[in-house]
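Visitor: attaching a predicted model along with its sequence, questions to come.
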Amino acid sequence: KELLPPYLRFVRGIIDSEDLPLNVSRELLQENKILANIKQNSTKKILQAIKKFSGEDADTFIEQYNRVMKEGIYIDHTNKELLLDIVKYKSSTEEGLVSFEEYISRGDSEKKEIYYIVGEDENVLRNSPLLEAYKKANIEVLIMDDKEVDSIVTPMIGAYKEWNLKDITTIEAPDSKTEEEKEEISKEFKSLTDKIKEVLGEEVKEVKTSTRLTSSPSCVLKDSSDPMAGMAAMFAQMGQEMPEIPLILEINPDHEMIKKLDTLEDESLFSDLSWILLDSAKLSEGLEPKDKGAFAQRVASLDTKAL
């Protein structure tokens, strides 16, 4: 503990120094400035050596110790930049794991943004409706499927070499439409979004049309302006459950289901479909419907009508 930080607990070796006092207590050793300098220099040299790994050596190291390197980012601000050079993540466009350096080499050098999505299941994240706009625009998104660690560490990274990290669940997606076109679509479907909001009530903060979707009828996302949303990492650090925050439901105005829903007169069917839009969007993000029994009944009812 006195010679290396906790995240380098896998390192074994001997450090020889003529400057350390002999026959002193552990308490005095902990306060020794020489020892502090040895710890700082040793940590830096070890990380620099790790950074030089390439090929199979680098792959093997990352496979075993990527998680503890992320732990280092959280606790070792002195060596944060070195650690950011070492950690790697899955990618929406590349095979294997990629580093931040590799990401920015392919990214938009004008925007200087690193996009990412955090969750527990890689398959769920890769199939998230929130990725559709990025796939369409051929923009790489980092897939962070170690939610327990990534949800705490990533928000505090802030930026890497002046490239800001952006959580795609809290930002506007890339879009070719102008603000005027978006406003026009929003007005066209306002009566529908208002009606869906009326059905769902407090379960959602807002219902609005989306320009981020291409094939899915709906998606849910966080409200980045909600004060509680910014406290998620703090709650996770304290080991406490995050208070439930109403999500924003976005609907795809180009989807056939939404077009038919806009002209639907059957109030009961409209209500069922509104809830299914919300619950299926939650499932796509690895979230659970609030009432799983009711969701199953609504799906069964629609299946029966379709037969």
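Guide: Sure, I can see it. Numbers count the residues shown, from 1 in each chain.

Visitor: only C-alpha atoms from now on, for both contacts and neighbour counts.
Guide: OK.

Visitor: my read: A173 touches Y134, true?
Guide: Yes - proximity of A173 to Y134 meets the contact threshold set by Cα atoms under 8 Å, at 7.2 Å.

Visitor: need the residues touching each of those two.
Guide: Between them, A173 and Y134 have no joint contacts when contacts are counted by Cα atoms under 8 Å, 6 or more residues apart in numbering.

Visitor: pull out the buried residues from stretch 59-71.
Guide: Buried residues in stretch 59-71, counting neighbours by 16 or more other Cα atoms under 10 Å, are found at 62, 66-71.

Visitor: E179: which of those residues is nearest?
Guide: Looking at these and their distance to E179, the nearest is K70, at 38.7 Å (Cα to Cα).

Visitor: what mean pLDDT would you report for the strand or helix carrying the closest one?
Guide: Remark: K70 resides in helix 55-75, with elements defined by DSSP states H and E. For helix 55-75, the mean per-residue pLDDT is 94.

Visitor: which pLDDT value belongs to K195?
Guide: The predicted local confidence for K195 is 97.

Visitor: how many residues are close by it?
Guide: Counted with other Cα atoms under 10 Å, the neighbours of K195 add up to 17.

Visitor: returning to what we had before: what element comes up after the helix holding K70 heading to the C-terminus?
Guide: Moving toward the C-terminus from helix 55-75, the next helix or strand (DSSP H and E) is helix 80-86.

Visitor: D121 against D145, yeah?
Guide: Yes - with contact defined as Cα under 8 Å, D121 and D145 form a contacting pair (5.6 Å).

Visitor: those two: who's more crowded?
Guide: Set D121 next to D145 and count neighbours by other Cα under 10 Å: D145 wins out with 21 against 15.

Visitor: tell me which residues touch the more buried one, please.
Guide: D145 makes contacts with 118-122, 125, as judged by Cα under 8 Å, 6+ apart.

Visitor: can you list phi and psi of it for me?
Guide: phi -100, psi 10 (degrees, to the nearest 10).

Visitor: excluding its backbone neighbours, what's nearest R298?
Guide: D272 (5.9 Å; Cα to Cα, 6 or more residues apart in numbering).

Visitor: phi, psi of N164?
Guide: Main-chain torsions, N164, degrees, to the nearest 10: phi -80, psi 140.

Visitor: wait, I meant P5
Guide: Main-chain dihedrals, P5, degrees, to the nearest 10: phi -70, psi 160.

Visitor: that one: neighbour count?
Guide: Using other Cα under 10 Å, P5 is surrounded by 15 other residues.

Visitor: touching, it and T43? I think so.
Guide: Yes - with contacts defined as Cα under 8 Å, P5 counts as touching T43 at a distance of 7.5 Å.
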